[in-house]
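J.: A structural model of the following input is requested.
(chains A and B)
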2 protein chains.
Amino acid sequence: MFQTLPGFREFYPEDCSIRNHIFRIWKRSARAFGFLEYDVPVLEPLELYIEKSGEEIIGQLFNFTDKGGRQVSLRPEMTPSLARLVAAKANGLKRPVKWFSVGENYRYERQQKGRLRAFYQFNADILGEEGSGADAECIALAIHTLRAFGLQSRDVRIRLSDRTLWMLFLENLSLSTAAAEAVLLVVDKAERVSAEKMKEMLGLALAKVGESGNVDVLMNELQVFRTLSSLEAIEEKLARKSSDALVNRLVAWRSLIGRLDAMGLGDYVQVDMGIVRGLAYYTGFVFEVFQADGEGRALAGGGRYDHLVKKLGGPDMPAVGFAMGDVTLRNLLEEKKLLPNFINAVDVFMVAMGEDAFRLALADAVRLRDQGLAVEYPFKTDQALGKQMKLAAQSGASFAIIYGSDELAKSGVTLRDLRAGEESFVPREQVVERLFAVFG
Amino acid sequence: MFQTLPGFREFYPEDCSIRNHIFRIWKRSARAFGFLEYDVPVLEPLELYIEKSGEEIIGQLFNFTDKGGRQVSLRPEMTPSLARLVAAKANGLKRPVKWFSVGENYRYERQQKGRLRAFYQFNADILGEEGSGADAECIALAIHTLRAFGLQSRDVRIRLSDRTLWMLFLENLSLSTAAAEAVLLVVDKAERVSAEKMKEMLGLALAKVGESGNVDVLMNELQVFRTLSSLEAIEEKLARKSSDALVNRLVAWRSLIGRLDAMGLGDYVQVDMGIVRGLAYYTGFVFEVFQADGEGRALAGGGRYDHLVKKLGGPDMPAVGFAMGDVTLRNLLEEKKLLPNFINAVDVFMVAMGEDAFRLALADAVRLRDQGLAVEYPFKTDQALGKQMKLAAQSGASFAIIYGSDELAKSGVTLRDLRAGEESFVPREQVVERLFAVFG
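T.: Sure, this is the predicted structure:
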């Protein structure tokens, strides 16, 4: 027997219903915010990802050489392809561009809880708008989506941070831009290592960019800054270092938080400078969504990436967006018992005694299906009535129509309400309308 | 600028709406027939396809060695994976299994009109039912789907044939099974080559399986049989060669055609023994769907494949199914002007003068979105009223809500019907309910 590849999933009907439920809520949420759906190829030129993320990315890709000698890769994410689409029609698109997608991405990674090699993502991005209103809108959409699944502020938390503020803070400590970026890579890992280990990484990072300095002092500054957890605490910490850039940045922060509060979403948001996002292309606000209790991998993450569209060959276009994966989300929804029970049942099951009766049933089935009702029947017409009624019950249908010889002799059928257990004789020409009336 | 790979498509929002329309009708049609949705991995072990189709298939695949040394391939079709899913749970599944999927497949083929390297397919299959009722149901679903797009019997034609009947006919001509199968491969190509070329291929095919015989006589028999175009003509042709197997087969034919007629779908069906489907695993009725006028590639194709599940390691399980692609279908729907115009517009556009007014708007936006309405607003609150009203008009929204200082001083807003061009003052606490009433 052939096996499914590790990290890939099969979807039997019940699983497929749950997957589709997640897709439906993702799409409905994005549309409520006026985002338009797009999609991009599953296979792309390898260069697209190297250009964005550097050669290191190759180790995590399903990449290969195709039969035409092209270096290609399964897409590990949507953003580079999105940037290409927007760049190619930059002048013809109404701005801001508000687009979303629901699609599968592929990464050759070690499997662990919440991480597979093939996973679905909901991506939503706003391009062409530099103000923090776009950041607020993306965060609001992420929260709206989680709420639409039934998750509340006690279940999930948005950890909100800001790479712009981090850079201003680090430059105030007299670090060069290169050193500041190297330091941020260390801060990104701080939660997962000991203080001792972090200090060691810090020394190495600074040495690598040719910067010397007192690692102990820097370490203390980082430990204070990365644990700031409110806008007030940030303002207090930076009060003595005011600059125009800093003042403007704090205005953007107040606007962002004020808008989320105005939407009643403030309870979901936790200021948390410990979030910096590993990827260097983020340029402003960054955020990650986590389950409020327990550990677990991020449910979603995103932020502003103002230079990426240009880097990938497009115009200079500010952008902000986020991605939400299905694996961690589904685990959480299961844990919180927020997944509905899907009952895959038809509306009507037809029972016919003999081929002639069955052909009358088929004619009625066409009319019912044309109106959107789901209709089923046994393919064998020589089975006893009792056997067929058992199949009707197993089908989960609400109604059975019985095309028996007695009824047909009187130009009628028996309509049985399978839930109520009641049945009645109905002239055949009325049975379809009778059912339309029930199903609306 | 990076290019999309040849044969792969990008979906800008307008294209994506059309793609989703096709998906929606595929899924709705399958559900009306009581089929359940499943899905399988995009990447599978290469062996799965070699086992089904032989080594020759590799030339058409996007196959490679992954980082774990596994021989893998993008899926060129759904059937082998489907067979694996059903085989793995064969005893636990309610029979007949009626399943469908909508997904993308990948083939490394030369591009031409109607053929891409990445294309979507609607697959529907019935497993565990050997009677021709299952064949009738698959054909009926294919036709129902085409009708749901607005295609009529003058637009599309189902060409219906039967490999069982072909084999009975060829065995009657004293051909061995191996010779009969070799001959069918020639018949499959007959429409695309001259009679002379066909005769040459026939001679080679027979020689290859070590069969001698009068090629001219066989050629004449084939030319007659493959152009039979009604059940009556088939019955007449085979009248003198009656056997139990033949009699039973003609009963199955009459039942199949009788059921399609009973559903009023007979006009769509053309008996056409010229269809044999190239793939050797088909075992009974086979069919292909074409545009009624003009040439063009098949819109759909399918048939019975009773031995495949077992061949792929599962139990002995009869099966019948079909696949419908999106590329040819979309071309035809465009030609027949059967694609709706998709207008991607929000329901409500909010206009706010200043940040405080905007925060009131945001609170109302949350309530409207929670009820499923699509709401948009400019992210900048310092734009003049005229500029914002222009954006409202461009958004395509049905209504604008204007949060101006004059209105807010009186605790209200202006609600503007953008289509009727009428507006009125509404107390703010009533505006959300007012809009719910309009949008139901």
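J.: C-alpha only now, for contacts and for neighbours.
T.: Fine.
J.: Residue numbers of the stretch 251-400 of chain A in contact with chain B?
T.: Contact residues (C-alpha under 8 Å from any C-alpha of the partner chain) of the stretch 251-400 of chain A with chain B: A:258-259, A:262-264, A:312-314, A:344-346, A:359-360, A:362-363, A:365-366, A:369-370, A:372-376, A:379-380.
J.: if you set the cut-off to 7 Å instead, what comes out?
T.: Contact residues, the stretch 251-400 of chain A versus chain B (C-alpha under 7 Å from any C-alpha of the partner chain): A:259, A:262-263, A:312-313, A:346, A:359-360, A:362-363, A:366, A:369, A:372-376, A:379.
J.: Go ahead and build a ChimeraX selection from the buried members of the residues you listed.
T.: In ChimeraX, this line selects whichever of those come out buried by 16 or more other C-alpha atoms under 10 Å in any protein chain shown:
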select /A:259,262,263,312,346,359,360,362,363,366,369,372,373,374,375,376,379
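J.: Spatially nearest residue to A:Gln71 (excluding sequence neighbours)?
T.: For A:Gln71, ignoring the flanking residues on the chain, the nearest one in space by C-alpha to C-alpha, 6 or more residues apart in numbering or on different chains is A:Thr65 at 4.7 Å.
J.: That neighbour - how many residues pack around it?
T.: By the measure other C-alpha atoms under 10 Å in any protein chain shown, the count of residues near A:Thr65 is 16.
J.: For chain A, which residues score under the pLDDT cut-off?
T.: A:1 (pLDDT under 70).
J.: Mark out where each domain of it begins and ends.
T.: A:13-178+A:211-335, A:348-439 (automatic domain parsing).
J.: can you tell which of the ones you listed is closest to A:Met198?
T.: domain A:13-178+A:211-335 (8.3 Å; C-alpha to C-alpha).
J.: that older thread, pretty sure the residue nearest to A:Gln71 contacts A:Val72?
T.: Yes: if you go by C-alpha atoms under 7 Å, A:Thr65 and A:Val72 touch, sitting 6.0 Å apart.
J.: related to what we said a few turns ago, tell me which of the residues of the stretch 251-400 of chain A next to chain B fall in helices.
T.: Judged by DSSP state H, those include A:Arg259, A:Ala262, A:Arg359, A:Leu360, A:Leu362, A:Ala363, A:Val366, A:Arg369 as members of helices.
J.: sec struct for A:Arg95, please.
T.: With DSSP: H, G, I helix; E, B strand; the rest coil as the basis, A:Arg95 sits in coil.
J.: ranges for the helices of the stretch 51-200 of chain A?
T.: For the stretch 51-200 of chain A, applying DSSP state H, counting those that start in this stretch gives helices covering A:79-88, A:132-148, A:163-172, A:177-189, A:195-208.
J.: Go through the third one and flag the buried ones.
T.: If I follow you right, that is helix A:163-172. By neighbour count on 16+ other C-alpha under 10 Å, the buried set for helix A:163-172 is A:Arg163, A:Thr164, A:Leu165, A:Trp166, A:Met167, A:Leu168, A:Phe169, A:Leu170.
J.: Save these as a markdown table, and put in distance to A:Met324 too.
T.: Listed next are those as a markdown table, based on distance: C-alpha to C-alpha, whole Å:
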| residue | distance to A:Met324 |
| --- | --- |
| A:Arg163 | 20 |
| A:Thr164 | 23 |
| A:Leu165 | 25 |
| A:Trp166 | 24 |
| A:Met167 | 26 |
| A:Leu168 | 29 |
| A:Phe169 | 29 |
| A:Leu170 | 30 |
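J.: Turn the residues you listed into TSV, columns for distance to chain B.
T.: Shown next, in TSV, are the buried residues of helix A:163-172 (distance: C-alpha to the nearest C-alpha, whole Å):
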residue	distance to chain B
A:Arg163	21
A:Thr164	20
A:Leu165	22
A:Trp166	25
A:Met167	25
A:Leu168	25
A:Phe169	27
A:Leu170	30
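J.: Out of the residues you listed, the closest to A:Phe290 would be?
T.: Using C-alpha to C-alpha, the shortest approach to A:Phe290 within the buried residues of helix A:163-172 belongs to A:Arg163, at 19.1 Å.
J.: give me every residue that touches the closest one.
T.: A:Val276, A:Thr283, A:Gly284, A:Phe285, A:Val286 (C-alpha atoms under 7 Å, 6 or more residues apart in numbering or on different chains).
J.: what residues are up against the closest residue to the first one other than its chain neighbours?
T.: Which is A:Val276. Once flanking residues are discounted, A:Val276 sits nearest to A:Asp188: 5.6 Å by C-alpha to C-alpha, 6+ apart. A:Asp188 makes contact with A:Ile275, A:Val276, A:Arg277, A:Gly278, according to C-alpha under 7 Å, 6+ apart.
J.: could you redo the last one with a cut-off of 10 Å?
T.: A:Arg226, A:Gly274, A:Ile275, A:Val276, A:Arg277, A:Gly278, A:Leu279 (C-alpha atoms under 10 Å, 6 or more residues apart in numbering or on different chains).
J.: Was I right to think A:Gly103 contacts A:Lys27?
T.: No: between A:Gly103 and A:Lys27 there is no contact under C-alpha atoms under 10 Å: 11.2 Å.
J.: shared neighbours, those two?
T.: Joint contacts of A:Gly103 and A:Lys27 (C-alpha under 10 Å, 6+ apart) are A:Phe122.
J.: At which residues are the helices of the stretch 251-400 of chain A located?
T.: For the stretch 251-400 of chain A, applying DSSP H, counting those that start in this stretch gives helices covering A:308-311, A:326-335, A:355-370, A:385-395.
J.: returning to what we had before: could you provide the contacts of A:Asp188 in JSON lines, with additional columns for neighbour count?
T.: Below are the contacts of A:Asp188 laid out as JSON lines (neighbours: other C-alpha atoms under 10 Å in any protein chain shown):
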{"residue": "A:Arg226", "neighbour count": "19"}
{"residue": "A:Gly274", "neighbour count": "24"}
{"residue": "A:Ile275", "neighbour count": "24"}
{"residue": "A:Val276", "neighbour count": "27"}
{"residue": "A:Arg277", "neighbour count": "22"}
{"residue": "A:Gly278", "neighbour count": "13"}
{"residue": "A:Leu279", "neighbour count": "13"}
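J.: what's the closest of those residues to chain B?
T.: Chain B has its nearest neighbour among those in A:Leu279, at 21.3 Å by C-alpha to the nearest C-alpha.
J.: Tell me which residues touch the closest one, please.
T.: A:Leu279 is in contact with A:Lys52, A:Ser53, A:Leu184, A:Leu185, A:Asp188, A:Tyr305, counting by C-alpha under 10 Å, 6+ apart.
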